[in-house]
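[1] Need coordinates for the below:
(chains A and B)
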Amino acid sequence: MVTEEISMNEALEEIGCEVIETDLGEYILQLDDHDPPSHIVAPALHKNKEQIRDVFHEKLGYLKSEKPEELALFAREKLREEFLSADLGITGCNFAVAESGSFALVTNEGNARMVSALPKTQITVMGMERIVPGWEELDIVVSLLTRAAVGQKLTSYITALSGPKQLDEADGPEEFHLVIVDNGRSKILGTEFQEALHCIRCAACINVCPVYRHVGGHAYGSIYPGPIGAVLSPLLSDYDEYKELPYASSLCGACTEVCPVKIPLHEQLIMHRRKIVEDEKRSSLSERVTMRGFEQLMNSANLYRVATKMAPIMSTPFAKKQMITKGPGPLRHWTHARDFPKPENERFRDWFKNRVKRGEENAKR
Amino acid sequence: MPKGNIINRESFLTNIREKIGGIAADKPVQKPSWSVSPQRNVLAGYDREQLITVLKEQCQNIHTDFFQTDLSQLTSTIESVMEQYQSKTVVYSDDNRFDKANISNFLAQVDSFKWDRHDRDASVEFAERADIGITFSDITLAESGTVVLLNDKGQGRSVSLLPANYIAIIPKSTIVKRMTQATDYIHQQVVAGEDIASCINFITGPSNSADIEMNLVVGVHGPIKAAYIVVNDL
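    Next comes the predicted model:
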């Protein structure tokens, strides 16, 4: 994940290295001319098994069926050769443990174990926020991650590495390098978005998000999709690139409810929207003019009274059967997508006043 | 353990200190004390027999074959698992528990290789072509069905990884409730200033993946089949 964030593969390929992804999903995407990932736990979620079979056939001469077992076995054999011959293994880092300088890799396929057992040199790339104080806390975050991400008590492999292999060991890297990546994280510290750094990348918010389910991961245009992607992407990069993402939410709050580390995701999306509109003034001119008008209207009792009295009369020419289907001016944007009910002739305030009066009359009888 | 070099440490930390509101560099970090620890209530009060039952049931969820035997029957149990997995060649850890359990003799009679901590190439090469890898479990977690291997010295990382089949021999005495007890043990080692194993593996059944249409495929890079053998009198 973090290696994609910093475009490490491209940089390595530019200096002439051959880079092979080893997670099954990532491997499929890499073979398919670097198709971008669409989910942070299952990156090739947008492909069906027939498409995967075709990618394997086209790129590697695969001749068997689209059965997931056969596809996986083929990838196992192909990647086994790569593991055994690679000079350098690169891993991410799910959690680092401060007290012993260890770091943990949480996988199901065993690729991270291969990468940390066979090549003679290992580089681990770690986002700076993935650190816990000690092993007792590692227990907590690993348990949260595996349950929230895939519903397993523990995944097949949790591998905790502490530096290179020792002299009396046969396998494992002889040389080990850890790279801690900031890349915009430290500028989130001390801000109202700091809690977003608690994210353990389980993708639970992505799985429940109604917007993600409709548009899919690619629509976000960021390697971090879904609610957490909509919060993080503008923070790690900027609003120039990602100012639309905080709006890719219905604010239903399902993400906040499911988050195992209790990041107030939908509230952070509202904070982004406030910053975009109020601090950065990035909304369109017509929106700003409309909102200014609305503000004045709502701040003046007289204006409000006149406007609500006028509304039923003014809207009559646009209404058919009490519905406005082609609204004028700013209302056009609304009626483009759905009908707008014609304002009632009796205003709520008048209705309420009359209701009280009727009640008093009834009581007198 | 040899010491490493740390580059850019001060500028990195100074930046963070400034961002979170000027914490003095010489002020020791105070770890908060947690007010609740639900992880310590899991399987509270279970004795070892009950934990074995939990482990056995969990094995069904993790596609792992479960066996329970006495030491006297261990060899024949291993033999029958090997037959079931159609395995002829064996790689196993350099671990004196194989002698203690009296299975070294049996392993010497089949096409086998004891992991050689001084010969990387031969060890990895044999592990790569072996049908089955056998190790002992150092700590066994009942809740999740996990064997913890403290991989260093003669306990090669590849033994439980490269062969298509894997057997973990689980001495009954190694069974604990959950990951909490394992991380407590490692934490205590760190507090006591001992070196911890360079690679600690928490292994829960065979490898798997759901990357193709979220279909579970058992057996990807690591073992395709796994068996746990609990030994009552070890």
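[2] Which residues are in contact with residue A:37?
    A:4, A:25, A:26, A:29, A:43, A:44, A:217, A:223 (C-beta atoms under 8 Å, 6 or more residues apart in numbering or on different chains). C-beta: built from backbone N, CA, C; applies to glycine.
[3] Surely the last one touches residue A:4?
    Right, the one you point to is residue A:223. Yes. Taking C-beta atoms under 8 Å as the definition, residue A:223 is a contact partner of residue A:4 at 4.9 Å.
[4] between those two, who's got more neighbours?
    Between residue A:223 and residue A:4, residue A:223 has the larger neighbour count (other C-beta atoms under 10 Å in any protein chain shown), namely 21 against 18.
[5] Tell me the secondary structure at the more buried one.
    coil (DSSP: H, G, I helix; E, B strand; the rest coil).
[6] distance of it from residue B:69?
    Residue A:223 sits 49 Å away from residue B:69, going by C-beta to C-beta, to the nearest Å.
[7] Could you do residue B:63 as well?
    In terms of C-beta to C-beta, residue B:63 sits 21 Å off from residue B:69.
[8] Residue B:174 too?
    15 Å.
[9] Kindly report the same for residue B:176.
    Using C-beta to C-beta, residue B:176 is found at 20 Å from residue B:69.
[10] Could you export the contacts of residue A:37 as TSV, including pLDDT?
    Below are these laid out as TSV (pLDDT from 0 to 100):
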residue	pLDDT
A:4	91
A:25	93
A:26	93
A:29	94
A:43	92
A:44	93
A:217	93
A:223	90
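[11] and the residues you listed, which of them are in helices?
    A:4, A:25, A:26, A:29 (DSSP state H).
[12] related to what we said a few turns ago, between residue B:176 and residue B:69, who's got more neighbours?
    residue B:176 (20 against 17).
[13] Where does the stretch 201-350 of chain A get nearest to chain B, residue-wise?
    Closest residue of the stretch 201-350 of chain A to chain B, C-beta to the nearest C-beta: residue A:207 (10.6 Å).
[14] Can you give me the distance of whichever residue of the stretch 101-250 of chain A sits closest to chain B to residue A:278?
    Going by C-beta to the nearest C-beta, chain B is nearest to residue A:110 of the stretch 101-250 of chain A, at 3.0 Å. Residue A:110 sits 50 Å away from residue A:278, going by C-beta to C-beta.
[15] who's more crowded, these two?
    Neighbours were tallied for residue A:110 and for residue A:278 using other C-beta under 10 Å; the higher tally belongs to residue A:110 (28 against 10).
[16] wouldn't the more buried one be in contact with residue B:160 here?
    No. Using C-beta under 8 Å as the test, residue A:110 is too far from residue B:160 to be in contact (9.6 Å).
[17] Could you name every residue contacting both of the two?
    B:222, B:223.
[18] Which stretches in the stretch 151-300 of chain A count as strands?
    A:157-161, A:175-181 (DSSP state E, counting those that start in this stretch).
[19] ok, residue B:199 - contacts?
    Here residue B:199 is in contact with A:116, A:117, A:159, A:160, A:161, A:162, A:165, A:172, B:151, B:152, B:157 (C-beta under 8 Å, 6+ apart).
[20] and the fifth one, how many neighbours does it have?
    Read it as residue A:161. When neighbours are counted by other C-beta under 10 Å, residue A:161 registers 30.
[21] In the sheet, which residues pair with it? Tell me.
    residue A:103, residue B:199 (DSSP bridges).
[22] And the closest residue to chain A within chain B, what's its pLDDT?
    Nearest residue of chain B to chain A (C-beta to the nearest C-beta) works out as residue B:222 at 3.0 Å. pLDDT for residue B:222: 94.
[23] what about dumping the CA coordinates of stretch A:268-279 to CSV?
    Extracted in CSV, the C-alpha atoms of stretch A:268-279 (Å, rounded to 0.1, in the frame of the first residue of the first chain):
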residue,chain,number,x,y,z
GLN,A,268,-14.1,14.5,9.3
LEU,A,269,-15.7,14.5,5.8
ILE,A,270,-17.9,17.4,7.0
MET,A,271,-14.8,19.2,8.4
HIS,A,272,-13.2,18.8,5.0
ARG,A,273,-16.3,20.3,3.3
ARG,A,274,-16.3,23.2,5.7
LYS,A,275,-12.6,23.9,5.0
ILE,A,276,-13.1,23.7,1.3
VAL,A,277,-16.0,26.2,1.3
GLU,A,278,-15.2,28.6,4.2
ASP,A,279,-11.4,28.6,4.5
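[24] pLDDT below threshold where in chain B?
    Scanning chain B for pLDDT under 70 picks out B:1-2, B:22-23, B:25.
[25] Quick one: the helices in it, in order.
    B:9-19, B:48-61, B:74-84, B:97-100, B:104-109, B:120-129, B:179-191.
[26] need the contact list for the residue of the stretch 101-250 of chain A closest to chain B.
    So residue A:110 contacts A:156, A:157, B:161, B:207, B:220, B:221, B:222, B:223 (C-beta under 8 Å, 6+ apart).
[27] what's the answer for residue A:254, then?
    Contacts of residue A:254 (C-beta under 8 Å, 6+ apart): A:205, A:208, A:209, A:210.
[28] returning to that earlier point: possible to save the strands of the stretch 151-300 of chain A as JSON lines with mean pLDDT?
    Formatted as JSON lines, the strands of the stretch 151-300 of chain A follow (pLDDT from 0 to 100):
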{"stretch": "strand A:157-161", "mean pLDDT": "97"}
{"stretch": "strand A:175-181", "mean pLDDT": "96"}
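[29] Tell me which of those sits most buried.
    Mean neighbour count (mean count of other C-beta atoms under 10 Å in any protein chain shown) peaks for strand A:157-161 among these, with a mean of 27.
[30] Tell me the helices and strands packed up against it.
    Judged by 3 or more C-beta pairs under 8 Å, 6 or more residues apart in numbering or on different chains; DSSP states H and E, strand A:157-161 is in contact with strand A:102-107, helix A:111-117, helix A:135-150, strand B:199-203.
[31] Run through who's touching it.
    A:97, A:102-108, A:110, A:112-113, A:116, A:124, A:138, A:142, A:146, A:176, B:198-204, B:207, B:222.
[32] Run a quick neighbour tally on residue A:143.
    Neighbours of residue A:143 using other C-beta under 10 Å come to 21.
[33] show me the contacts for the nearest residue to residue B:157 once chain neighbours are set aside.
    Distances taken as C-beta to C-beta, 6 or more residues apart in numbering or on different chains put residue A:117 closest to residue B:157, at 4.1 Å, once the chain neighbours are dropped. Residue A:117 is in contact with A:171, A:172, B:157, B:158, B:161, B:199, counting by C-beta under 8 Å, 6+ apart.
[34] Tell me the spacing between the nearest residue to the fourth one once chain neighbours are set aside and residue B:223.
    Closest residue in space to residue B:158, ignoring its immediate chain neighbours: residue B:127 at 4.3 Å, by C-beta to C-beta, 6+ apart. Taking C-beta to C-beta as the measure, residue B:127 falls 11 Å from residue B:223.
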